[in-house]
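Participant: Structure for this input, please:
(one chain, ligands or ions: 1)
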Amino acid sequence: MSRALPPLDLHAHVDVGIASRDLESLGAVVFAATRSLEEAERALARTDLVTVWGAGCHPGVAKAQANFDASRFSSFLADTPFVSEVGLDGASKVALHQQRETFAAILAEATHAPRLVSVHSKRATSQVLDMLEAAGTRGAILHWWLGSTPETKRALELGCLFSVNASMDVADLREAGVPLEAILPETDHPSGNRTSSVPRQPGRIADVERSLAAVFGATPEVVRAQTWRTLARACGELDLDDLFPIPVQRMLAAARELPSSAGGTP
Ligand SMILES: [Zn+2]
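Facilitator: Residues are numbered from 1 along each chain as shown. Predicted structure coming up:
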């Protein structure tokens, strides 16, 4: 059963003008982050079978931050289970107070209507956790997380998941106490997979599955099954299934049928 489930990529950047058949040929379920409301509007008008487009406003993109509008963002949530890419960036040229204002408005919407929220926290890990905690956000997935061990433990207590890419050392996460059950794979194409084997493309998370398997003493098949169970559990808790494309809804249902012996941390 688990072999029938394709690779999962929880954070990739994809040209919103890409042909549907090119997305389908990736052979993976890809969660595609958008950086601005303009990009999100175009993305959410698409109807793709195995791509989950997010509504996002990247903290590092000045124009996107300047044009952010909370009610417009809110209107997108009816069309997607996924909010991405949002958060704070300590290296951004955008003033931190503006980033915080945008992120707070997004978290308020995503607390009212819970979604999977892929969160950027570069050089702002502690502040991101403060804001997630203040907003009471559920469904946060910390993308490319580089927080300290105490911050990672705090993130776990807040119920966050972690999406990891090939540029990260997953052994650090395990040492900080993150279980396999809290981890999802991502490429962060085209940034996070610079070191991956070719072809580098969204959905190619074999390297990540292999490193997770090595660090957690499992097989890549067990990792695949567990990551699908983790996603399915999160979607079930937040009641998000109906917002996914029909083929992905079927995969989520299949993931819930997987026997626990098909995965888990040995
Ligand atoms: Zn990104």
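Participant: got the residues of this structure near the ion?
Facilitator: Contact residues, the chain versus the ion (Cβ under 5 Å from the ion): 33, 85. No exception for glycine: its C-beta is placed from N, CA and C like everyone else's.
Participant: And the helices in the chain?
Facilitator: 20-24, 37-44, 62-66, 70-76, 96-112, 125-135, 149-157, 170-175, 206-216, 220-238, 246-257 (DSSP state H).
Participant: For the ones you listed, give me a markdown table that also has mean neighbour count and distance to Pro6.
Facilitator: Converted to a markdown table, those look like this (neighbours: other Cβ atoms under 10 Å; distance: least, Cβ to Cβ, whole Å):
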| stretch | mean neighbour count | distance to Pro6 |
| --- | --- | --- |
| helix 20-24 | 13 | 11 |
| helix 37-44 | 20 | 20 |
| helix 62-66 | 16 | 30 |
| helix 70-76 | 16 | 26 |
| helix 96-112 | 18 | 26 |
| helix 125-135 | 19 | 30 |
| helix 149-157 | 16 | 28 |
| helix 170-175 | 17 | 21 |
| helix 206-216 | 19 | 12 |
| helix 220-238 | 21 | 9 |
| helix 246-257 | 16 | 7 |
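Participant: any chance of those helices in a markdown table, plus mean pLDDT and distance to Val198?
Facilitator: A markdown table is the format used below for the helices of the chain (pLDDT from 0 to 100; distance: least, Cβ to Cβ, whole Å):
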| stretch | mean pLDDT | distance to Val198 |
| --- | --- | --- |
| helix 20-24 | 96 | 17 |
| helix 37-44 | 98 | 26 |
| helix 62-66 | 98 | 31 |
| helix 70-76 | 98 | 34 |
| helix 96-112 | 97 | 35 |
| helix 125-135 | 98 | 31 |
| helix 149-157 | 98 | 31 |
| helix 170-175 | 97 | 22 |
| helix 206-216 | 97 | 11 |
| helix 220-238 | 97 | 19 |
| helix 246-257 | 97 | 27 |
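Participant: What is the burial count for the closest residue to the ion within the stretch 151-266 of the chain?
Facilitator: Closest residue of the stretch 151-266 of the chain to the ion, Cβ to the ion: Asp188 (5.3 Å). Number of residues near Asp188 (other Cβ atoms under 10 Å) recorded here: 26.
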